[in-house]
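Asks: Sequence and predicted model, in that order:
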Amino acid sequence: MSTALPVDTNPMNTTMNTAVILSLLFHGLIVVIGLMGLPYVKKPILPPEPISVEIVEIDEITQTNKRAAAFKEIEKPIEKPIELKEDKPPAPPKVDLQAPPQMIEPKPQDIKEEVKPKPKPTPPPPKEAELKDPEPEPKEEEVVEETPAQQEMFDNLMKNLQESEPQPAQQEVSEIVSNDRAPLGEFISSHELQALSNGFRRCFKIPIGAEGMHEMVADIRIWLDFNGNVTKAEFDSPFRVQADRQYRTLAEAARRAALDPNCSPVDIPLEKRHIWKDQYIIVPFDPRRML
Amino acid sequence: MKLSLAIIITGFLAFIAFPAQAQIKAPPVDGGTAEALPMAVSQFYAERPEFNQLARDIPEIITNNLRGSGLFNPINQNAFIQNPQSLEKDGPRFAEWRALNAQALVSGAVTQAEDGRTRVEFRLWDVFSQQQLTGMAYMTTPQNWRRIAHIISDEVYKRITGEDGYFDTRVVYIAESGPATRRSKRLAIMDQDGANHRYLTEAGTLVLTPRFSPTAQEITYMSYRNNRPRVYLYNIDTGRQELLGDFPGMTFAPRFSPDGNKVVMSMATNGNSDIYEMDLRTRKSRRMTTNSAIDTAPSYAPDGRQVVFESDRGGSQQLYVMDSNGSNVRRITFGNGRYGNPVWSPRGDLIAFTKMLKGKFYIGVIRPDGSGERLITSAYHVEGPSWSPNGRVLTYFKETPTGQGRSAKLYTIDLTGYNEKPLRTPRDGSDPAWSPLNP
């Protein structure tokens, strides 16, 4: 009894085997191309390489300073450098420690009598009447241009020991805004948007003291999830962020405020999420009134 | 039929790609806080055991610098979850840093370069946006580790505030010692954090009002050598001192021009003092004021076009601004009290001054047009403000009465008027002057 395997002589089966092999090869090629060519689903963190800088001793640089070299050339015809180490120290000037401190630079008039750090002749303690300026000059109040409201906000962040008249307290914007919700409709009311903006105040760390902050506003685009949490925040003017270092400082501070978990979820009516769920909201961060 | 199908498909795709949206714009966030930025400064990763000390010390200096500025609030390292090695190898796990409320993160590594030198690199991360903000690597000798820490601090400060830092700088001042009746005053210099302190002059000669050159390793100051008060130059690199011109009268209150090529000062002749300017290249002097009153304490604007000075020409000691050719003199202070020691900010936007009112001293700032006067600190005696090179911080000295006389200490304060803190010195100190950023 023969046990030989049956030989498939059907030409259709042979063609099918070839097709299967080709199909496998083709799909394998697709997989290889996909693995090699397509972007990763999750990109690994590949931060840019740090910029290398070489540090040398200061005097290695300053000894070759061009200005110092030029300076050296003109030293000789003028006079020789004075070596103070060889000199005998002169008698130290007397310092009257009982006298009230003077804030002015040393003056020649008092040198012979008493050497003080600031021996300018000091007038007797001025009386109140003498404190007034002898010349009819404009008053300081006329020079300052800030409005009382601006001045009060300025005082909040910038210390000033100057005595000033008490100003009526400015009502917080958040207090003005009504908590009333607009009727459920196809828009978000200005009051509701105001509440959203007010919510970022406690997270907005204003770069006080930085130059130019008093004339900038940074717009940030925010995206919200189903519960009103900020999921993404981007600069509305990315090109300006790249070009303007001062603006970038403000914009990045604003973005940090927008992404701060302490300020999420934002105060926005969730029942109107059909209005805001598929788009971003522009939030301007404006430190001008505070500086 | 085909055309209709194409139109339908195109319309559908357009609907998918560009859903109709009405832009929502909220009102401005017009309020905020002045709180310091919470940030984390991690220990650096040490490639070898011999770098362990540097990997701890450099972040410590960075932490101290940033905290001292008052603008940053470094978080205690004990709270950190991710270790330096993981930070270096895998990058930050931002969720963990966000849980610590860190809004910025500094990581780094100390390794050995191919040429054998020490390589210190750092990266600054924005935790919320999960982006690297900047990264630098420095190659130097291990002895320069403090300077590297200051430079990294400056880079972090600059990237977040948008302004140059001031940590890689020095302060020259008058070191005071001895009994009250025989006070010794010497020139001394140190890093802005008090490290690397050294004396530049010997005791025995009274020196005052040192000022740094903005462009060279030079200091100008006034010395009472031979009981003749004159202005001198001191080269920090060589230690050489020289008299700045042989004027007939007393010269005092010197200060460099912004380009470092001139020194402006006061000269007193025949009982009157006026302001003069000396060109350091030609050694020619030029008189800038001609007034019978006392004009002194000149200070250039950063563009060199104007000079602020103090004068009693109006009957009381006030601040005046003039063009650098001596013309267009106008008074800028009109408040009660007396104003002196004006110093123009390197930013150009403010002038710092000392004010005396009703027996009390103040340090204040005012805009060059005379507006916006603010008094930011006061004491029994505060005087001699000097700006940090970025125009953000002031240093000055404060005297307090003691049992045997007075004690003088150096302080710094932010121009906002907050974050006043002492600048440590071995002994008493006065007349501080801030250097530019080290070259």
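Replies: Great, that's in hand.
Asks: Point out where the stretch 251-400 of chain B drops to low pLDDT.
Replies: Counting by pLDDT under 70, not a single residue of the stretch 251-400 of chain B qualifies.
Asks: which residue ranges form the strands in it?
Replies: Applying DSSP state E, counting those that start in this stretch to the stretch 251-400 of chain B gives strands spanning B:262-269, B:272-279, B:285-287, B:295-300, B:306-311, B:318-323, B:330-331, B:338-344, B:351-357, B:360-366, B:374-379, B:381-387, B:393-401.
Asks: List the buried residues of the longest one.
Replies: I take that to be strand B:393-401. B:Val393, B:Leu394, B:Thr395, B:Tyr396, B:Phe397, B:Lys398, B:Glu399 (16 or more other CB atoms under 10 Å in any protein chain shown). Any C-beta I mention is one placed from the backbone N, CA and C, and that applies to glycine too.
Asks: you'd agree the fourth one is up against B:Asp431?
Replies: Which is B:Tyr396. No - B:Tyr396 is beyond contact range of B:Asp431, at 9.2 Å (criterion: CB atoms under 8 Å).
Asks: picking that back up, switch the buried residues of strand B:393-401 over to a markdown table; also include distance to B:Pro142.
Replies: Formatted as a markdown table, those follow (distance: CB to CB, whole Å):
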| residue | distance to B:Pro142 |
| --- | --- |
| B:Val393 | 29 |
| B:Leu394 | 34 |
| B:Thr395 | 30 |
| B:Tyr396 | 35 |
| B:Phe397 | 35 |
| B:Lys398 | 37 |
| B:Glu399 | 40 |
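Asks: farthest-separated two in these?
Replies: B:Val393 and B:Glu399 (20.4 Å; CB to CB).
Asks: Report the spatially nearest residue to the residue in the stretch 301-439 of chain B positioned nearest to chain A, omitting neighbours in sequence.
Replies: Taking CB to the nearest CB, chain A has its nearest neighbour within the stretch 301-439 of chain B at B:Gly417, 2.5 Å off. Excluding its sequence neighbours, the residue lying closest to B:Gly417 (CB to CB, 6 or more residues apart in numbering or on different chains) is A:Lys159, at 2.5 Å.
Asks: May I have the phi/psi pair for the one you found?
Replies: phi -70, psi 140 (degrees, to the nearest 10).
Asks: ok, it - contacts?
Replies: B:Arg374, B:Ile376, B:Thr416, B:Gly417, B:Tyr418 (CB atoms under 8 Å, 6 or more residues apart in numbering or on different chains).
Asks: my read: the second one touches B:Ile413, true?
Replies: Yep, that's B:Ile376 we're talking about. Yes - with contact defined as CB under 8 Å, B:Ile376 and B:Ile413 form a contacting pair (6.1 Å).
Asks: Give me the residue at the spatial middle of chain B.
Replies: Closest residue to the average C-alpha location of chain B: B:Ser388 at 1.8 Å, with CA atoms, centre = their mean.
Asks: Skip the chain neighbours and tell me the closest residue to that residue.
Replies: Here the residue nearest B:Ser388, using CB to CB, 6+ apart, is B:Tyr166, at 3.9 Å.
Asks: and what of B:Gly70?
Replies: B:Gly70's closest residue in space is B:Asn419 (CB to CB, 6+ apart), at 3.1 Å.
Asks: likewise B:Pro28?
Replies: That would be A:Asp286: by CB to CB, 6+ apart, it lies 3.8 Å from B:Pro28.
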